[in-house]
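Novice: Just a sequence and a predicted model for now, questions to come.
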Amino acid sequence: MLGYDKERNTLYYPYATGKLVYPFRVHVEQGGAYYAACSGRYPMSLLAVRAYMNNVDNELSPEAKELYEKAENVQQDIADRVLTKCLEGEYRVPPYAHQEEAIETMLHYDRLAVVFEQGLGKTFISIMTLVALKRVGKPHKALVICPNIVFPGWLAEIAKYSDLKALPYKGNPEQRKNCREAIQASDDWDCVVTTFDMLSDKTTTNEFVYEEIWAKLGDRQTAYADRWLAAKYITDTDYAVLTKPKATKKWKSDCAKVLKKVPVHAMNLNTFLETSSENSNTEFFKNLGFDVLIVDEASKCLDPTTTRSQLVKTLALKAQRAYLLSGTLCVGRPIDLYMPMQILGDDIFNMNWASFKNMFCIFDARNKHIIRKYKNVDKLKLLASPHFIARTRDEAIDLPDRIITQRYYEPTFEMVELYNDVAQNDLVVVNKNIVNTKIAAVKISKCLQILSGFIYYDERYKLCNSCKLHKSCDNKDIIPGTQHCIHPDKDKDFERKVYSFRGNPKLQLLSEDLDECVTEKKIIIWGWYQEDLKAICGLLDKKKISYVRADEEDCATKFESSDDIRVFVGQTVQGIGITLNSATCMIYYSHGMALEPRLQSMDRNYRIGQTQKVIVKDYICSSSVEELVVRLLNYKKDVKAFMQDNVLCMECPNIYKCAKDNTQYGSIDCIYHDEVRKAEEKQTIKLPILGC
């Protein structure tokens with residue numbers, strides 16, 4: 001018989017028969033008896049009872065039967081909007097139908113990924129969900145984690161759409177200390193808003209922490225300074241700094257620099273640990289009394305090996321409710337779904353990262369770290385799909401047409417010559433300097449640079465030559481030396497050298513487009529490299545065209561509010577969390593291989609509020625690596641769309657029987673069969689040679 005423990009919110013049955021079905025796990029009671037158990041939260045409750053009845057037994061306890069009947073009615077309750085009725089009169093702007101549906105769904109699900117394409121109002125949806133929870137008296141205090149660029153937007157929208165009291169947690173160590181004290185001093189708050197950067201805990205080596213430690217020592221300062229001098233941890237000059245106090249910030253900073261030289265064991269250990277803990281972001285978030293965790297742009301947590309992802313998972317386990325917001329929960333690889341689902345609950349997949357990869361990946365026969373293709377994608381979708389709600393713009397709102405077109409240009413003879421040299425050889429000469437291009441990722445990045453009219457030849461790329469991790473970079477499409485590079489020495493101070501070609505046909509193409517339409521249309525220009533931005537801004541200055549850069553403060557507000565500013569310029573990776581609907585033309589001056597920046601940046605002017613037709617132009621050199629990169633991005637986009645589509649099989653009581661017999665979803669007779677097989681392939685780039 002399947003029982004239900006309401007206090008623990010757990011479904012269970014005796015495991016003596018050895019019959020274990022997903023999503024149940026084996027547990028051992030105190031007396032040594034085995035039982036299979038599963039969370040009673042929705043939709044796990046629905047999946048568990050159906051799996052039990054299809055594969056083990058049909059007998060349910062009264063409590064389990066009541067839970068099952070309630071779970072079976074959830075989808076109808078969502079359709080009838082039974083919980084969002086409490087928001088009548090609370091909306092300051094009328095919601096779209098897809099927004100109201102999402103709010104209702106979030107109220108029924110304790111843990112959910114809201115996979116809506118950019119511009120569909122995920123922030124508004126989350127805010128109104130918190131308002132509804134507060135309105136009906138349910139635990140609603142929230143911790144919101146978001147990227148830096150959307151941090152002001154969250155605070156502004158909370159104030160705009162609700163009466164929720166939001167407290168920001170951001171800034172330098174002293175500002176964060178004030179934030180912590182304000183939050184801990186009063187329970188009168190509804191949500192704390194912070195950024196992903198604040199999750200990284202580097203406070204133990206922060207000057208501010210050492211300043212606090214030194215201040216706490218008080219009248220013991222001289223005694224400790226004497227001890228450190230005698231042990232030769234500090235010099236006479238350092239001693240003079242510590243023992244001649246001045247009431248200035250500079251003196252405090254100088255003292256902190258001296259204390260950094262002292263080994264931890266030579267300090268007052270209790271004071272050190274206490275002060276480090278007091279100033280620790282990690283400890284603060286772990287001890288914060290929140291009920292709901294909201295992770296905006298959850299695609300920042302796709303890598304299960306990062307400290308960020310693991311901390312977000314820890315915080316999610318602490319919360320009663322956890323919501324992930326993203327338009328790109330999958331960025332082109334089926335296995336991208338692993339960590340988001342782990343954050344929502346490790347019982348969704350019931351396996352660790354190594355087992356997950358073995359289940360869904362096919363590795364290179366000669367190198368177990370390189371994924372050649374994927375397998376069992378149909379099963380992966382069936383496991384993940386019940387835990388997210390996905391909507392595209394086409395499904396949710398009516399927007400004007402968006403036309404994506406290609407603009408071709410011819411590279412110069414000098415560019416073609418060096419491009420082919422890089423593509424065919426492991427060593428090339430750039431401005432009398434030898435550059436090693438043996439690694440595939442280096443070759444691709446160098447060829448992309450050449451087509452933009454320049455090439456970097458600093459020593460940073462020497463890192464790859466002896467790096468044992470470069471195969472992982474190849475597999476993840478990571479460009480060496482960029483922010484995603486995992487080499488331990490990547491942040492060393494390398495002198496960046498740039499060789500620029502005489503004549504830049506791509507820049508000439510941009511000049512023609514600007515002459516043609518900048519007076520009639522506002523334009524967004526994305527470049528992949530900083531050198532691209534220098535060239536673009538130089539051209540705009542020469543033409544005396546007013547522009548704003550993405551790294552300027554309030555860049556979106558300036559662009560949207562001033563008709564004099566005609567162009568928005570930024571790196572593709574900066575195209576996140578801002579609205580630029582006044583622009584009706586977008587130009588991709590250069591390209592990278594990562595899908596998320598492409599999708600995020602492309603939707604900056606194609607979101608709720610856009611009333612005009614939008615045109616997107618890709619600058620491409622025909623038959624070059626650029627053409628293959630754009631093709632690869634489109635392939636990844638198709639895989640992403642497929643993986644994020646909701647699987648309607650969940651509504652069928654025979655879902656597990658069908659999956660077990662392989663008779664429906666993903667089988668040869670299934671309408672999704674071709675998409676499943678396509679998602680299991682892994683496309684790579686082979687550098688083409690350019691004709692002279």
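Specialist: Right, received. Where do you want to start? Numbering: from 1, shown residues only.
Novice: Okay, now the unreliable bits of this protein?
Specialist: Low-confidence regions of the chain, defined by pLDDT under 70, span residues 17-18, 30-31, 201-206, 458-496, 639-680, 682-685, 692.
Novice: any idea which residue sits dead centre in it?
Specialist: residue 300 (1.7 Å; C-alpha atoms, centre = their mean).
Novice: so what's that one up against?
Specialist: By C-beta atoms under 8 Å, 6 or more residues apart in numbering, residue 300 lies in contact with 147, 196, 308. Placement of C-beta: from N, CA and C, glycine included.
Novice: Adding neighbour count, secondary structure and distance to residue 548 as columns, could you present these in a markdown table?
Specialist: Shown next, in a markdown table, are the contacts of residue 300 (neighbours: other C-beta atoms under 10 Å; DSSP: H, G, I helix; E, B strand; the rest coil; distance: C-beta to C-beta, whole Å):
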| residue | neighbour count | secondary structure | distance to residue 548 |
| --- | --- | --- | --- |
| 147 | 17 | coil | 19 |
| 196 | 19 | helix | 25 |
| 308 | 15 | helix | 30 |
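Novice: Which other helices and strands does the longest helix out of those in the chain contact?
Specialist: Ordering each helix of the chain by length in residues (DSSP state H) puts helix 625-644 first. Counting contacts by 3 or more C-beta pairs under 8 Å, 6 or more residues apart in numbering; DSSP states H and E, helix 625-644 packs against helix 377-384, helix 440-451, helix 595-602, strand 614-621, helix 673-680.
Novice: try 6 Å this time
Specialist: Applying 3 or more C-beta pairs under 6 Å, 6 or more residues apart in numbering; DSSP states H and E, we find helix 625-644 packed against helix 595-602, strand 614-621, helix 673-680.
Novice: other SSEs contacting the second one?
Specialist: The reference is to strand 614-621. strand 402-409, strand 583-588, helix 625-644.
Novice: Distance from the chain centre to the longest helix of the chain, please.
Specialist: Counting by C-alpha atoms, centre = their mean, to the nearest Å, helix 625-644 is centred 18 Å from the centre of its parent chain.
Novice: Run the angle between that helix and helix 377-384 for me.
Specialist: Here helix 625-644 runs at an angle of 50 degrees relative to helix 377-384 (axes from the mean of the first three to the mean of the last three C-alpha atoms, to 10 degrees).
Novice: Please work out the angle formed by the directions of helix 625-644 and helix 595-602.
Specialist: 90 degrees.
Novice: export helix 625-644 as CSV, just CAs?
Specialist: Output in CSV follows, covering the C-alpha atoms of helix 625-644 (Å, rounded to 0.1, in the frame of the first residue of the first chain):
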residue,chain,number,x,y,z
VAL,A,625,33.9,30.4,-40.2
GLU,A,626,31.4,33.3,-39.5
GLU,A,627,28.9,31.5,-41.7
LEU,A,628,29.4,28.3,-39.8
VAL,A,629,29.1,30.0,-36.4
VAL,A,630,25.8,31.6,-37.3
ARG,A,631,24.6,28.2,-38.6
LEU,A,632,25.8,26.5,-35.3
LEU,A,633,23.9,29.2,-33.3
ASN,A,634,20.7,28.4,-35.2
TYR,A,635,21.2,24.7,-34.6
LYS,A,636,21.7,25.3,-30.8
LYS,A,637,18.6,27.5,-30.9
ASP,A,638,16.5,24.7,-32.3
VAL,A,639,17.8,22.3,-29.6
LYS,A,640,17.1,24.8,-26.9
ALA,A,641,13.5,25.3,-28.2
PHE,A,642,13.0,21.6,-28.4
MET,A,643,14.3,20.9,-24.9
GLN,A,644,12.3,23.7,-23.4
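Novice: for stretch 241-253, how far is the first residue from the last?
Specialist: Start-to-end span of stretch 241-253 (C-alpha to C-alpha, to the nearest Å) is 10 Å.
Novice: Oops, could you answer that again for stretch 336-351 instead?
Specialist: End-to-end distance for stretch 336-351, by C-alpha to C-alpha: 15 Å.
Novice: what's in contact with stretch 238-258?
Specialist: With contacts defined as C-beta atoms under 6 Å, 6 or more residues apart in numbering, stretch 238-258 is touched by 207, 210, 211, 214, 222, 225, 229, 234.
Novice: which of these are buried?
Specialist: 207, 210, 211, 214, 225, 229, 234 (16 or more other C-beta atoms under 10 Å).
Novice: is it true that residue 591 touches residue 629?
Specialist: Yes: look at residue 591 against residue 629 with C-beta atoms under 6 Å: they come within range, at 4.9 Å.
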